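Peer 1: Predicted coordinates and the sequence they were generated for:
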Amino acid sequence: MHAHYTVRFFHSHRSTLMQKPYPHDRDSHSVAIVGTGPAALMAADKLASSGIQVTLFDKRAAAAWKLFVAGSSGLNITNALPLNAFASNYTGPAQHWQTCLSQFSNEDWVRFIEVELGQKTFLGTSGRYFVETMHAAALVRAWRRRLESMGVSFHFAHELIDFSSDGTDCTLRFKNETTFSFPKVLLALGGGSYEPTEDPLRWISIFENKGIRFNAFSPMNSGYHVAWTKAFLAEVDGQPFKNIEFRNSKGSRKGDLIITEYGLEGTPVYTLGEAGAASIDLKPDLSLDAIKQKLLSSKENFSLIRRAQKHLQLNKAALALIFHMGRPEWKNSLDDFALAIKNFPLTLLQPRPLSESISARGGVSWDELGDNLELTSHPGIYLAGEMIDWEAPTGGFLIQGGVAQGRFVAESMLK
């Protein structure tokens with residue numbers, strides 16, 4: 001936003017905005033959005049491209065904090081799964097996600113990034129799409145230029161402290177003592193894992209004070225504690241279990257896991273993590289019988305650990321797990337040793353703190369929302385993104401869910 005526009009906006013409209021709504025000839029063509037994450041930016045894009053005047057507010061000094069956090073280790077924008085399989089990765093009403101993703105699919109999102117924002121993408125071997133730069137900066141700059149070219153205005157350092165609705169106008173009150181009224185408002189305030197300095201998030205109290213049901217945030221897509229032995233950590237702290245399959249009561253997931261001083265990090269645990277019994281298949285591409293045959297094929301009188309290293313190519317972390325964390329009798333029984341490779345038992349303890357998690361469980365209850373994501377108790381005020389009580393695994397599903405919901409709300413407003 002250019003400095004001269006900021007001055008003109010507040011000088012010419014400050015008294016109007018703080019004392020009464022916009023004039024009625026502008027009411028039907030203006031929308032406020034609080035937040036500048038993926039859901040907010042996509043809703044703003046759809047509304048502005050349809051001729052609606054959009055004003056974006058954010059408590060930070062710059063836009064798209066969520067995208068910068070998500071892109072800190074490579075901006076994974078979506079996944080290549082087909083629609084039905086894609087929708088099954090979300091909690092919440094199944095029909096809602098089918099509708100959202102039908103209206104704005106993973107293919108639509110990739111096309112939007114490439115065509116409308118001019119950013120190249122690529123499909124990784126894991127089925128995840130990334131922006132070519134692997135960071136959010138270029139994408140955010142391009143998106144903001146596009147939005148501003150359509151007349152969207154950005155207003156930073158505006159932290160929401162209250163909202164209300166009388167059925168005609170929606171009023172927003174901010175911490176900097178400004179008050180604004182609009183006919184329709186979208187709140188896209190973000191989930192519980194992007195604000196390490198807020199515990200709990202300040203916006204939660206706004207909803208709780210209005211009696212709007214909110215399910216407490218808890219870690220999702222997070223690392224988990226495991227009770228490693230000192231000898232095990234001394235040998236392999238920070239090293240990976242490569243190409244394993246993690247299993248627990250929620251299912252199974254192949255991938256890599258990183259050993260940390262407190263436990264485990266990595267996509268398989270992020271996706272399936274919950275406290276309780278779990279296991280790791282250290283050689284998922286070989287059957288139990290095939291493992292036994294390879295161990296028996298050794299012509300040298302090696303220990304089972306040495307045979308596993310030579311004939312199964314188990315890496316250092318896997319060998320250390322069996323040696324330091326396995327039962328002593330496994331080392332002398334081929335059957336037990338082979339079974340440990342295929343089904344090494346672990347116990348996940350508590351998850352890492354919410355401030356470290358990739359996303360969060362919890363949010364505003366679906367019971368408070370109509371089918372169009374409008375608050376039933378506050379007509380004209382809509383919600384979107386991770387502030388609603390839904391969750392999804394890593395792998396592009398979180399950002400795709402946000403942009404699809406933002407597009408869905410914009411379509412609902414336009415109707």
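Peer 2: Cool, got the structure. Residues are numbered from 1 along each chain as shown.
Peer 1: can I see the domain layout of the chain?
Peer 2: What the record gives for the chain is the domain set 3-218+359-414, 224-348, from automatic domain parsing.
Peer 1: Tell me which of the ones you listed sits most buried.
Peer 2: domain 3-218+359-414 (a mean of 19; mean count of other CB atoms under 10 Å). C-beta coordinates here come from the backbone N, C-alpha and C atoms, glycine included.
Peer 1: Surely V226 and Q350 touch.
Peer 2: No: using CB atoms under 8 Å, V226 is not in contact with Q350; the gap is 10.4 Å.
Peer 1: Could I get the domains of the chain in CSV, plus columns for mean pLDDT?
Peer 2: Compiled in CSV, the domains of the chain are given as follows (pLDDT from 0 to 100):
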stretch, mean pLDDT
domain 3-218+359-414, 90
domain 224-348, 94
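Peer 1: Break down the stretch 251-400 of the chain into its helices, ranges please.
Peer 2: Ranges of helices in the stretch 251-400 of the chain, per DSSP state H, counting those that start in this stretch, are 267-272, 288-296, 304-311, 316-325, 334-342, 397-414.
Peer 1: For these, please prepare JSON lines with the additional fields distance to Y129.
Peer 2: Output for the helices of the stretch 251-400 of the chain, formatted as JSON lines (distance: least, CB to CB, whole Å):
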{"stretch": "helix 267-272", "distance to Y129": "15"}
{"stretch": "helix 288-296", "distance to Y129": "35"}
{"stretch": "helix 304-311", "distance to Y129": "37"}
{"stretch": "helix 316-325", "distance to Y129": "29"}
{"stretch": "helix 334-342", "distance to Y129": "33"}
{"stretch": "helix 397-414", "distance to Y129": "9"}
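Peer 1: Grab the nearest non-local neighbour of L346.
Peer 2: Leaving out its chain neighbours, the residue that sits closest to L346 by CB to CB, 6 or more residues apart in numbering is A278, at 4.9 Å.
Peer 1: Check L147 too.
Peer 2: Computed as CB to CB, 6+ apart, the closest residue to L147 that is not its neighbour in sequence is A44, at 5.8 Å.
Peer 1: Over to A216?
Peer 2: Once flanking residues are discounted, A216 sits nearest to G362: 5.2 Å by CB to CB, 6+ apart.
Peer 1: so who does the one you found touch?
Peer 2: Contacts for G362 were tallied using CB atoms under 8 Å, 6 or more residues apart in numbering; they are 192, 214-218, 389.
Peer 1: farthest pair in the residues you listed?
Peer 2: Of all pairs drawn from the contacts of G362, the widest gap by CB to CB lies between F214 and S218 and measures 12.5 Å.
Peer 1: Tell me what L123 is bridged to.
Peer 2: Beta-bridge partners for L123, by DSSP bridges, are Y129.
Peer 1: distance of it from L117?
Peer 2: Counting by CB to CB, to the nearest Å, the separation of L123 from L117 is 17 Å.
Peer 1: same deal with A39?
Peer 2: To L117, A39 is 16 Å away according to CB to CB.
Peer 1: now swap in V226 and tell me
Peer 2: Distance of V226 to L117, computed by CB to CB: 41 Å.
Peer 1: ok, back up a step: so can I have CSV of the contacts of G362 showing distance to P200 and secondary structure?
Peer 2: Output for the contacts of G362, formatted as CSV (distance: CB to CB, whole Å; DSSP: H, G, I helix; E, B strand; the rest coil):
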residue, distance to P200, secondary structure
G192, 8, coil
F214, 10, strand
N215, 12, strand
A216, 8, strand
F217, 7, strand
S218, 11, strand
D389, 15, coil
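Peer 1: any idea where the helices of the stretch 51-200 of the chain begin and end?
Peer 2: With DSSP H, counting those that start in this stretch as the criterion, the stretch 51-200 of the chain has helices at 65-70, 83-87, 94-103, 106-111, 137-149.
Peer 1: Go through those helices and name the closest to L187.
Peer 2: Short answer: helix 65-70, nearest of these by CB to CB, at 14.4 Å.
Peer 1: Tell me the helices and strands packed up against the closest one.
Peer 2: Here helix 65-70 touches helix 137-149, helix 397-414, going by 3 or more CB pairs under 8 Å, 6 or more residues apart in numbering; DSSP states H and E.
Peer 1: so who does L186 touch?
Peer 2: By CB under 8 Å, 6+ apart, the contact set of L186 is 31-35, 40, 43, 381-384, 406, 409-410, 413.
Peer 1: coming back round to it: would you turn the contacts of G362 into a markdown table with distance to S102?
Peer 2: Below are the contacts of G362 laid out as a markdown table (distance: CB to CB, whole Å):
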| residue | distance to S102 |
| --- | --- |
| G192 | 28 |
| F214 | 29 |
| N215 | 27 |
| A216 | 31 |
| F217 | 29 |
| S218 | 30 |
| D389 | 22 |
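Peer 1: Closest one of those residues to I341?
Peer 2: Closest approach to I341 among the contacts of G362 (CB to CB): S218, at 33.6 Å.
Peer 1: if I look at the residue lying closest to that closest one once chain neighbours are set aside, how far off is G192?
Peer 2: The shortest distance from S218 to any non-neighbouring residue, by CB to CB, 6+ apart, is to R361 (4.8 Å). Distance, R361 to G192, by CB to CB: 8 Å.
Peer 1: Give the intersection of the neighbour lists for these two.
Peer 2: Contact criterion CB under 8 Å, 6+ apart; residues shared by R361 and G192: 217-218.
Peer 1: so F323 touches L304, yeah?
Peer 2: No: using CB under 8 Å, F323 is not in contact with L304, being 10.1 Å away.
Peer 1: residues shared between the contacts of the two?
Peer 2: In contact with both F323 and L304: K331, using CB under 8 Å, 6+ apart.
Peer 1: Next up, the contacts around L41.
Peer 2: Contacts of L41 by CB under 8 Å, 6+ apart are 63-64, 143, 147, 403, 406.
Peer 1: my guess is Q119 meets V140, correct?
Peer 2: No: Q119 is beyond contact range of V140, at 10.0 Å (criterion: CB under 8 Å).
Peer 1: which residues does the residue nearest to I388 when sequence neighbours are not counted bridge with?
Peer 2: Nearest residue to I388, sequence neighbours excluded (CB to CB, 6+ apart): G363, at 4.9 Å. When bridges are called by DSSP bridges, G363 pairs up with N215.
Peer 1: Can you name the residues that contact G363?
Peer 2: By CB under 8 Å, 6+ apart, the contact set of G363 is 191-192, 214-215, 217, 386-390.
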